[in-house]
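A.B. asks: Here you go, sequence then predicted model.
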Amino acid sequence: MIHVSNETRLRLAKRRIAAAAQAALDAEGAGHLDVSVTVVGDERIHELNRDHLGHDYPTDVISFPLRDEGDPDPLLGEVVVSGDRARDEARERGIEPAEELLRYVIHGCLHLLGYDDQERRKALAMRRRQEAILRRVLAE
């Protein structure tokens, strides 16, 4: 199950956000797991980034894993995305904010599933996977 909450004015159907998260889980064989997705503004994600990761700036997405491998609890984790970052990045790239926000949701879910983007090679593989999933979601 995917739980979605939106604390911003960004208009995007919760079912689309849930579908993007579910698509990422399904693509990785983890469709039976649960994820919580929260859309927040820059102020809130900045606070979370500072408090939990030690980075004093707003970011696009933060993932909080809540499950260890073999854990019977189906709650994989929480993905927090910035609606403000999505809006601003979309404007710069000439795309819809909804597309950018869904990209962040998928990216966050992939992090929960073990993807890492700290090394160039791994980041490229993650981006390819993310964009392939996003294309499928946008085509629906």
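C.D. replies: Cool, got the structure.

A.B. asks: Please, where are all the helices along this structure?
C.D. replies: Ranges of helices in the chain, per DSSP state H, are 14-27, 42-48, 83-93, 97-112, 120-139.

A.B. asks: Next, the angle helix 97-112 makes with the third one.
C.D. replies: Between the axis of helix 83-93 and that of helix 97-112 there is an angle of 120 degrees, by axes from the mean of the first three to the mean of the last three C-alpha atoms, to 10 degrees.

A.B. asks: hmm, back to that, tell me which of the helices of the chain sits most buried.
C.D. replies: helix 97-112 (a mean of 24; mean count of other C-beta atoms under 10 Å). (Glycine included, C-beta is placed from N, CA and C.)

A.B. asks: I'd like to know which elements that helix is packed against.
C.D. replies: helix 14-27, strand 34-40, strand 61-65, strand 75-82, helix 83-93, helix 120-139 (3 or more C-beta pairs under 8 Å, 6 or more residues apart in numbering; DSSP states H and E).

A.B. asks: Spatially, and excluding backbone neighbours, which residue is closest to the residue most central in space within the chain.
C.D. replies: Closest to where the C-alpha atoms of the chain average out (C-alpha atoms, centre = their mean) is V105, at 2.3 Å. Counting by C-beta to C-beta, 6 or more residues apart in numbering, V105 lies nearest to A20, which is 4.5 Å off, once chain neighbours are set aside.

A.B. asks: Was I right to think the one you found contacts R136?
C.D. replies: No: when contacts are counted by C-beta atoms under 8 Å, A20 is not listed as touching R136 (9.6 Å).
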